[in-house]
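>>> sequence and predicted model, in that order:
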Amino acid sequence: MPLTVYAPASMGNVGVGFDLLGAALAPISGELLGDKVTIAFAEQGIEFEQTGPWAHKLPVNADDNIVPQCGVFFLQKLGLTHGVKLTLEKNLPVGSGLGSSASSVVAALYALNAFFDSPYEPQALLALMGEFEGQISGSVHYDNVAPSYLGGMQLMLDTPETVCDAIPHFKEWYWVVSYPGISLSTAQMRQLLPEQYDKAVAIDFGRRLSAFVHASHSNNPSLAIEVLDDVLAEPYRAQAIPGFVQASAALAQMGMLTSGISGSGPTLFTITDSLAKAQQAQQWLSEHYANQDGAFTHICQIDALGTREV
């Protein structure tokens with residue numbers, strides 16, 4: 001029987017935790033914000049098709065598309081010769097800062113693992129996802145893959161025993177995420193960052209991340225907001241995202257608790273513990289930031305479920 005898997009959008013860095021912190025997103029509307037992959041048996045090889053609002057932005061040739069590549073990768077790992085058909089429903093824009101490629105990879109590998117009776121346990125499957133992601137991007141970064149797969153807010157540990165571990169999230173927070181309708185290359189946004197950082201900046205980064213983790217575990221939202229500031233990437237990326245600086249200032253005046261860049265952008269996130277303020281921010285962002293074709297703004301909370309069959 002065919003099965004369909006959904007992998008939610010994710011927010012890398014979460015401002016304070018560059019490459020080390022990630023969170024899965026769930027719109028409060030109930031909409032599924034993420035990619036879906038359907039798997040079924042085929043006569044031979046990897047059959048592939050893609051649908052969805054962003055399918056036209058992806059390679060048509062299966063050899064160049066990461067979902068059928070996932071199929072080849074997984075089957076080779078297990079020495080399987082079965083034919084499978086993979087269908088991608090591409091619901092996340094490419095280059096959005098919402099973990100678009102991670103969502104596709106996670107949905108595909110989760111679906112393959114479930115379809116073949118789960119030969120990989122969760123941490124091993126996560127490591128496999130990271131290995132594949134590293135092959136296509138040149139380096140392994142789990143801050144999108146891990147939360148999209150496992151849900152919640154995930155802190156990257158990258159030890160021999162454990163890839164990541166969940167930290168508590170503030171259930172009263174609303175995360176308004178706004179995609180302005182343009183795409184930015186992650187590689188190019190990384191090139192904006194300096195090769196080396198001043199010692200004081202490195203210490204400040206460590207202080208803020210450790211304080212945020214402490215605040216999360218001790219249920220101290222005011223401390224978490226106080227330290228939730230990106231001192232590594234945002235100072236170099238903010239000006240490269242059209243309208244981001246102006247939007248951040250307007251959201252602060254509106255009374256939002258803090259704002260930042262989701263992943264490497266251009267999606268913006270802003271936080272509040274008031275649904276009314278979240279709705280006000282959503283309306284402002286829809287009018288002034290996310291107002292191009294394909295743009296969207298969602299009021300979200302953290303998706304605690306992660307990837308699942310639907």
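On my side now, so go ahead. Residues are numbered from 1 along each chain as shown.

>>> what's the closest non-adjacent residue to Q282?
Ranked by C-beta to C-beta, 6 or more residues apart in numbering and with sequence neighbours excluded, the top spatial neighbour of Q282 is T297, at 5.0 Å. Every residue, glycine included, has its C-beta placed from N, CA and C.

>>> tell me if Q301 really is in a strand.
Yes. With DSSP: H, G, I helix; E, B strand; the rest coil as the criterion, Q301 is part of a strand.

>>> that one: neighbour count?
By other C-beta atoms under 10 Å, the residues close to Q301 number 19.

>>> from what I can see it touches E172, true?
No. Using C-beta atoms under 8 Å, Q301 is not in contact with E172, being 9.0 Å away.

>>> strands along the stretch 101-250 of the chain, start to end?
153-156, 164-167, 174-179 (DSSP state E, counting those that start in this stretch).

>>> mind listing the strands the longest one pairs with, and their directions?
Each strand that pairs with strand 174-179, with its direction, by DSSP bridges: strand 268-272 (antiparallel), strand 296-302 (antiparallel).

>>> the first one too?
On the basis of DSSP bridges, the sheet neighbours of strand 153-156 come out as strand 21-27 (antiparallel), strand 164-167 (antiparallel).

>>> need the residues that contact that strand.
14, 17, 19-24, 142-143, 146-147, 163-169, 213, 216, 302 (C-beta atoms under 8 Å, 6 or more residues apart in numbering).

>>> only the buried subset of the residues you listed, as a PyMOL command please.
Buried members of the contacts of strand 153-156, defined by 16 or more other C-beta atoms under 10 Å, are picked up in PyMOL with:
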select buried, resi 14+17+20+21+22+23+24+142+143+146+147+163+164+166+167+169+213+216+302
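
>>> poorly predicted segments of the chain, please.
Scanning the chain for pLDDT under 70 picks out 136-138.

>>> mind listing what's buried along the longest strand seen in it?
For the chain, the strand with the greatest residue count under DSSP state E is strand 34-42. Using 16+ other C-beta under 10 Å as the test for burial, strand 34-42 gives 34-40.

>>> same thing with stretch 64-71?
65-71.

>>> ok, G265 - how many residues close by?
Neighbour count for G265, taken as other C-beta under 10 Å: 26.

>>> so it sits against Q239, correct?
No. G265 is not in contact with Q239 according to C-beta under 8 Å; the separation is 11.0 Å.

>>> check contacts around the residue in the chain sticking out farthest from the centre.
The outermost residue of the chain relative to its centre, with distances by C-alpha atoms, centre = their mean, is E43 at 33.9 Å. Applying C-beta under 8 Å, 6+ apart, one finds that E43 lies in contact with G83.

>>> show me the helices in the stretch 101-250 of the chain, by range?
Secondary structure of the stretch 101-250 of the chain (DSSP state H, counting those that start in this stretch): helices at 122-137, 142-150, 186-191, 199-217, 221-227, 234-237, 244-254.

>>> hmm, who's touching the fourth one?
Put plainly, it is helix 199-217. With C-beta under 8 Å, 6+ apart as the contact definition, helix 199-217 has outside contacts at 16-18, 20-21, 153, 155, 167-170, 197, 220-221, 223-224, 226-229, 231-232.

>>> switch the cut-off to 7 Å
16-17, 20, 155, 167-169, 223-224, 227-229, 231-232 (C-beta atoms under 7 Å, 6 or more residues apart in numbering).

>>> now stretch 140-150: how far from the chain's centre is it?
Offset of stretch 140-150 from its chain centre (C-alpha atoms, centre = their mean, to the nearest Å): 7 Å.

>>> okay then, goodbye and thanks.
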